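A.B. asks: Make a model of this:
(2 chains)
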Amino acid sequence: MKYLKQSWQRRTLIVMCISVLVSVCMIALENTQWADHINQVGYSHGAEEQGPAEGGKRNMPSYMMYILPFVKEIVLIGVPLLITIGWLKLAGLVKTLMKRIRPS
Amino acid sequence: MSDWKQSLQKTRYVMDGLLLISFMIISAPQATGVPLHEWLSIVFIIPFAIHILLHWDWFKQSFRRLFGKLPAKERFNIVWNYLLYLMMILGFVSGFLVSVALLPALNIDLHIQDFWSKIHHDSCTLLMPMLGVHLALHWGWIAKLTKRMFAKEVSS
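C.D. replies: Residues are numbered from 1 along each chain as shown, chains lettered A, B, ... in the order given. Below is the predicted model of the structure:
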């Protein structure tokens, strides 16, 4: 942890100052017309995810309630991860082939 | 793996692993419950700050490098990391502003706007694919360090 301790107070202060500054700028978003529009139209977090079953509760085993959010995360992180790795490998392959065809 | 604190690369690897695990835990409020999600999000600031501190040299150089001559992948990586940081901050800020357990526990009364609820939901959902791309851009380093960490474990 010696790398972390190296003048960590000064560095943390800089990170905190920048983050607070950025946060204050972001809070100003609530004064925009965009924010007004969303507030007028309304937004209910999670309402669209409620199932059609009685009382809005879905018929699923209780342990699935703990597993499904992590499955969703793995899919949301994993799919772009795999696509990007595939894209980078393909780009590397094309670059190598181009070099072989047209050596400079 | 016992000497991981002596190597910057290994320290980064362990701390980044902890950051990923803690991110996954706080990104599942349906599993942890909203009050725990909010308190853990405060604790998450620590591994997030450690991640930035351990990559301090990169941050110092990246802004300068952005305006120089760079390969497209490197330029994309720098811009993507900045966007990821901004999205993370947006997730934090909107999370505070829609807090139903943390701020009331601290005797701070705040009117929750639908705007911030939507921003919090959308920004945090967007963070996950962004993180996937971020991991992919550093996949070579992750694979190399995983091999090094595992090799050390076997030999000791």
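A.B. asks: rest of the way, CA atoms for contacts and neighbours
C.D. replies: Fine.
A.B. asks: Where does the prediction get shaky in chain A?
C.D. replies: Low-confidence segments of chain A (pLDDT under 70): A:1, A:45-58, A:103-104.
A.B. asks: again, only using 80
C.D. replies: Across chain A, the ranges flagged by pLDDT under 80 are A:1-7, A:44-60, A:102-104.
A.B. asks: For it, list the residues in contact with chain B, please.
C.D. replies: Proximity of chain A to chain B is confined to A:1-4, A:8, A:11-12, A:15, A:19, A:22-23, A:26-27, A:30, A:35-36, A:38-39, A:42-45, A:65-67, A:69-70, A:73, A:76-82, A:84-85 under the rule Cα under 8 Å from any Cα of the partner chain.
A.B. asks: can you give me the helices in chain B?
C.D. replies: Taking DSSP state H to define them, one finds helices in chain B at B:8-26, B:29-32, B:34-54, B:56-66, B:72-97, B:102-105, B:114-137, B:139-155.
A.B. asks: I'd like the average pLDDT over the second one.
C.D. replies: The one in question is helix B:29-32. If you average the pLDDT over helix B:29-32, you get 92.
A.B. asks: likewise the first one?
C.D. replies: In this model, helix B:8-26 carries a mean pLDDT of 93.
A.B. asks: can you list the residues that contact it?
C.D. replies: Judged by Cα atoms under 8 Å, 6 or more residues apart in numbering or on different chains, the contacts made with helix B:8-26 from elsewhere in the structure are A:1, A:3, A:70, A:73, B:4-5, B:32, B:37-38, B:40-41, B:44, B:47-48, B:50-51, B:54, B:142, B:145, B:149.
A.B. asks: Put the buried members of the residues of chain A next to chain B into a PyMOL selection.
C.D. replies: In PyMOL, the members of those classed as buried (16 or more other Cα atoms under 10 Å in any protein chain shown) are selected with the following command:
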select buried, chain A and resi 3+4+11+15+19+23+35+36+38+39+43+66+69+70+73+76+77+78+80+81+84+85
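A.B. asks: can you give me how far the longest helix that chain A contains is from the chain middle?
C.D. replies: The helix of greatest length in chain A, counted in residues with DSSP H as the criterion, is given as helix A:62-101. Its chain's C-alpha centre and that of helix A:62-101 lie 14 Å apart, by Cα atoms, centre = their mean, to the nearest Å.
A.B. asks: by contact count, what packs against that helix?
C.D. replies: Taking 3 or more Cα pairs under 8 Å, 6 or more residues apart in numbering or on different chains; DSSP states H and E as the contact definition, the neighbouring helices and strands of helix A:62-101 are helix B:29-32, helix B:114-137.
A.B. asks: and of the ones you listed, who's closest to B:N81?
C.D. replies: With respect to B:N81, and counting by Cα to Cα, the nearest of the helices and strands packed on helix A:62-101 is helix B:114-137 at 7.2 Å.
A.B. asks: Can you give me the buried ones in that closest one?
C.D. replies: By 16+ other Cα under 10 Å, the buried positions in helix B:114-137 come out as B:114-120, B:123-137.
A.B. asks: CA atoms only for that helix, dumped as PDB, please.
C.D. replies: Output for helix B:114-137, consisting of C-alpha atoms alone and laid out as PDB, is shown next (Å, rounded to 0.1, in the frame of the first residue of the first chain):
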ATOM      1  CA  ASP B 114     -38.900  12.800 -10.600                       C
ATOM      2  CA  PHE B 115     -36.100  14.200 -12.700                       C
ATOM      3  CA  TRP B 116     -33.400  13.000 -10.300                       C
ATOM      4  CA  SER B 117     -35.100   9.600 -10.000                       C
ATOM      5  CA  LYS B 118     -35.000   9.200 -13.700                       C
ATOM      6  CA  ILE B 119     -31.400  10.400 -14.000                       C
ATOM      7  CA  HIS B 120     -30.300   8.100 -11.200                       C
ATOM      8  CA  HIS B 121     -31.900   5.100 -12.800                       C
ATOM      9  CA  ASP B 122     -30.700   5.900 -16.400                       C
ATOM     10  CA  SER B 123     -27.200   6.900 -15.500                       C
ATOM     11  CA  CYS B 124     -26.600   3.800 -13.300                       C
ATOM     12  CA  THR B 125     -28.000   1.500 -15.900                       C
ATOM     13  CA  LEU B 126     -25.800   3.100 -18.500                       C
ATOM     14  CA  LEU B 127     -22.800   2.700 -16.200                       C
ATOM     15  CA  MET B 128     -22.800  -1.100 -16.500                       C
ATOM     16  CA  PRO B 129     -22.300  -1.300 -20.300                       C
ATOM     17  CA  MET B 130     -19.800   1.600 -20.000                       C
ATOM     18  CA  LEU B 131     -17.900  -0.500 -17.400                       C
ATOM     19  CA  GLY B 132     -18.000  -3.500 -19.800                       C
ATOM     20  CA  VAL B 133     -16.200  -1.500 -22.500                       C
ATOM     21  CA  HIS B 134     -13.800   0.000 -19.900                       C
ATOM     22  CA  LEU B 135     -12.800  -3.600 -18.800                       C
ATOM     23  CA  ALA B 136     -12.500  -4.700 -22.500                       C
ATOM     24  CA  LEU B 137     -10.100  -1.800 -23.200                       C
END
